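*Asks:* sequence-free structure coming up:
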């Protein structure tokens, strides 16, 4: 099994433990730290980063153009990137998460557990040349590149969910965290320039303002 697949599985296990926290279930209907998401909606969106991995195992990506992991984040494809929270794409993401949360915390957790079991069972035997992606995308990536995008989502939204319910943000496996940090660093440099990123990380006396990757 490739290193990225191992990282994804360990990150997914970390998130599954977070989804099972009592504090998440108790605050399910409350507003989250992300505008427009309830806690349950945000939890369901976080869970979907595991569910989408399992779903991709059975998807047919034949006939779609295959792009690299950073190509996925080009503005022509990632219309949510650096976009207003009220744009159509972001609104659809929130609506989908909030709708999925209606099943309740127990159902979301059980579905995520089943998806993760499927991934544990099938990822070790998946060919290195397998394609991945979301069904709604008009393109595909390698399966490992798809998992890289999911790892970043798991790390970022785990913090969102933990903050929303007032518990500590979970610590991820160092390798999985490094993968998420690589994506975020590349996107931040692309958006703000290399100098801004270097100053924010190493020269606070010269740092400017926001260097958010997203």
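*Replies:* Thanks, I have the structure now. Since the structure is predicted, the reported quantities are computational estimates derived from the model, not experimental observations. Residues are numbered from 1 along each chain as shown.

*Asks:* only C-alpha atoms for contact and neighbour calcs from this point on.
*Replies:* Will do.

*Asks:* mind picking out the helix or strand in the protein with the poorest mean pLDDT?
*Replies:* helix 88-101 (a mean of 79; mean pLDDT, DSSP states H and E).

*Asks:* got the buried residues for that one?
*Replies:* For helix 88-101, the neighbour count (16 or more other Cα atoms under 10 Å) marks 89, 90, 91, 93, 94, 95, 96, 97, 98, 100, 101 as buried.

*Asks:* can you pull the contacts of the last one?
*Replies:* In this case it means residue 101. Listed by Cα atoms under 8 Å, 6 or more residues apart in numbering, the contact set of residue 101 reads 40, 41, 43, 44, 108.

*Asks:* please repeat the previous calculation with a cut-off of 6 Å.
*Replies:* Residues in contact with residue 101 (Cα atoms under 6 Å, 6 or more residues apart in numbering) are 40, 41, 44.

*Asks:* in stretch 14-31, which residues are buried?
*Replies:* 14, 15, 16, 18, 19, 24, 25, 27, 28, 29, 31.

*Asks:* please name the nearest non-neighbouring residue to residue 98.
*Replies:* residue 41 (3.8 Å; Cα to Cα, 6 or more residues apart in numbering).

*Asks:* so what's that neighbour scoring on pLDDT?
*Replies:* At residue 41, the pLDDT value in this model is 94.

*Asks:* picking up where we left off before, tabulate the buried residues of helix 88-101 (CSV), appending distance to residue 66.
*Replies:* As requested, these are exported to CSV (distance: Cα to Cα, whole Å):
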residue, distance to residue 66
89, 22
90, 24
91, 27
93, 23
94, 27
95, 28
96, 26
97, 27
98, 31
100, 29
101, 32
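
*Asks:* can you tell me which of these is closest to residue 201?
*Replies:* residue 90 (28.9 Å; Cα to Cα).

*Asks:* which residue ranges of the chain form helices?
*Replies:* 3-19, 22-26, 39-57, 88-101, 105-122, 143-165, 174-192, 194-202 (DSSP state H).

*Asks:* out of these, which one sits most buried?
*Replies:* Among these, the stretch with the highest mean neighbour count (mean count of other Cα atoms under 10 Å) is helix 39-57, at a mean of 24.
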